[in-house]
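**Q** 3D model of this:
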Amino acid sequence: MSFSQILLIIISSAGLLHGVLFACYLFFFKKKKTQTNVLLGLILIFMAFRIGKSVMMNFGEGLEPIFIFAGLAILLLIGPFFRWYVLGMTRPNFKISRSHLVELIPFSLVFGLSLFITKDLYENNKIIIILFGSVLMFIYLHFACYITIAWKTLKKVHKQFKKDTQTKSQKAILTWLNLLIFGFIIIWISYFLNIIEDQIPYIIGPIMYSLIIYYLSYKAFLLKTTEIDGEAFKANDSSVVFKRIVVLVKDEKLYLESDVSLSKISMAIKQSPQKTSSVINQYAQRNFNDFINYYRIQDAKELLSNTENEKFTISSIAFDTGFNSLSSFNSAFKKFENTTPSAYRKKRIDI
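**A** Down below sits the predicted model:
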C-alpha cells in the first residue's frame, strides 16, 4: 500500500472516528438527554457505518455483498431520522409516534434482502446485478427526497418566524439546520457523482464527510445546539408582545415620529415599560433606542441613495426620518453603517 493510500485512509477514517466520538458524547456524557441529541447521535452512528463501508470497499478486497448492501441500506435509515431530528429541533413537544415508524419500511425491506445476497449469487446472476443497480438508485433518490423534505420544513419555519422576531436560540437552531442540510447535500453529491461518473474516485465521499463532520462539530459547539431543541419555538407571551411591537413600530412606521418613546409604545400595547424593554432586548437583541434608530436609518439610506433627493440636505433627511438633531442622526448612522451620511450619499450616487 502506497503512502498516498495510507494518507487517504487516515483522513477518511479520522472523520468517521470523530463522528462516533461525538455520538458517544451525546449518548453517555451529555447531561441533557434530549430526544434530538439521541437522534443526532444515531445519525452520526449510521453515517459512520455507511462511511466505514465506503473506506473498506475502496481499500479492501473481497468485501462480502451482504456488507455492501447493509451499508447502502443504512442510508434508508438516515433520511427518516434526519427528518425527525429537524422536526424535533423546530417543533415544541415533538415525539416520534408509531406512524413515524412506517418510514422505516424501505430500510427493513432492503436490509432483509441483503441477508440473502451471497458472493456467488451476486457475481453470477445478471438479474441480481440489475436489481442491485435499481436498489442503489432508489436508495440515493430516497435520501435526496428526505433532504428536500427537511429543507421544506425549515423553509416553513423561516416563514413562520421572521428574522427580526427570532430569539437567539431560534437563530442558532435555524443556522445549524441550514448547515446540516448543506453538509448532507455535499455528501450526497460526492457519492452520487461516483455512480454516474467513473472518473470521480469513490474515496471522495469519505473525505468530504470527514471535512464536513469536523466543521459541523465546531459549529455545534459555537451555536450550542446540543443545549437547545424545539422548545425554543414554543409560543409564549413575549413573542406575541414583540410581534405587536414590530407591527406598531415597523409596519405603522411609528419610528418616524420624533417623540416616540418607550413609555408611548408600552401604553399602546398595554405593557409595562420594563416588559417592553425586556422583550425588545430579547428578540431584537438591541436596546430601545437602537431598535427605533435601525428602522430610521434604513429609510435614510433609501433617501440618500436616490439621486432625485440630492436637493434635500442631510439635515432635512435626518428630521424626515424621525431624528431630533443632526448630531444624533450622524451618530446613529455611523453606528449602523460604519460611515457618515454624507460619505454614504457620495458613494451611492457616484456608483
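**Q** for this structure, what helix or strand is lowest in average pLDDT?
**A** Every helix and strand in the chain was compared by mean pLDDT, DSSP states H and E; the lowest is helix 119-123, with a mean of 62.
**Q** give the buried residues for the helix or strand following it.
**A** Downstream of helix 119-123, the first helix or strand assigned by DSSP states H and E is helix 126-160. Residues 132, 135, 139-140, 142-144, 146-147, 149-151, 153-154, 157 are the ones in helix 126-160 that count as buried (16 or more other CB atoms under 10 Å). To be clear about C-beta, it is placed using only N, CA and C from the backbone, and glycine gets the same treatment.
**Q** just the helices in the stretch 251-351 of the chain please.
**A** Taking DSSP state H, counting those that start in this stretch as the criterion, the stretch 251-351 of the chain carries its helices at 262-269, 273-283, 288-305, 314-320, 326-337, 341-350.
**Q** between the longest one and helix 262-269, how many degrees?
**A** Yep, that's helix 288-305 we're talking about. 90 degrees (axes from the mean of the first three to the mean of the last three CA atoms, to 10 degrees).
**Q** elements contacting helix 288-305?
**A** Where contact means 3 or more CB pairs under 8 Å, 6 or more residues apart in numbering; DSSP states H and E, helix 288-305 is packed against helix 273-283, helix 314-320, helix 326-337, helix 341-350.
**Q** check which residues of that helix are buried.
**A** Buried residues in helix 288-305 (16+ other CB under 10 Å): 288, 290-297, 299-301, 303-304.
**Q** picking that back up, out of the buried residues of helix 126-160, flag the one nearest to residue 101.
**A** The closest of the buried residues of helix 126-160 to residue 101 turns out to be residue 146 (CB to CB; 15.1 Å).
**Q** would you confirm that the closest one contacts residue 82?
**A** Yes: using CB atoms under 8 Å, residue 146 is in contact with residue 82, at 6.0 Å.
**Q** circling back: of all the buried residues of helix 288-305, which comes closest to residue 165?
**A** residue 291 (12.2 Å).
**Q** can you pull the contacts of the closest one?
**A** Residues near residue 291 by CB atoms under 8 Å, 6 or more residues apart in numbering: 249, 280, 284.
**Q** got the helices of the stretch 251-351 of the chain as a markdown table, with mean pLDDT columns?
**A** What follows is these, written out as a markdown table (pLDDT from 0 to 100):
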| stretch | mean pLDDT |
| --- | --- |
| helix 262-269 | 93 |
| helix 273-283 | 90 |
| helix 288-305 | 94 |
| helix 314-320 | 93 |
| helix 326-337 | 94 |
| helix 341-350 | 81 |
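**Q** pick the most buried one from those.
**A** Among the helices of the stretch 251-351 of the chain, helix 288-305 has the highest mean neighbour count (mean count of other CB atoms under 10 Å), at a mean of 19.
**Q** OK, contacts around residue 37?
**A** Residues in contact with residue 37, defined by CB under 8 Å, 6+ apart, are 26, 30, 226.
**Q** so what pLDDT did it get?
**A** Residue 37 carries a pLDDT value of 94.
**Q** cool, thanks, talk later.
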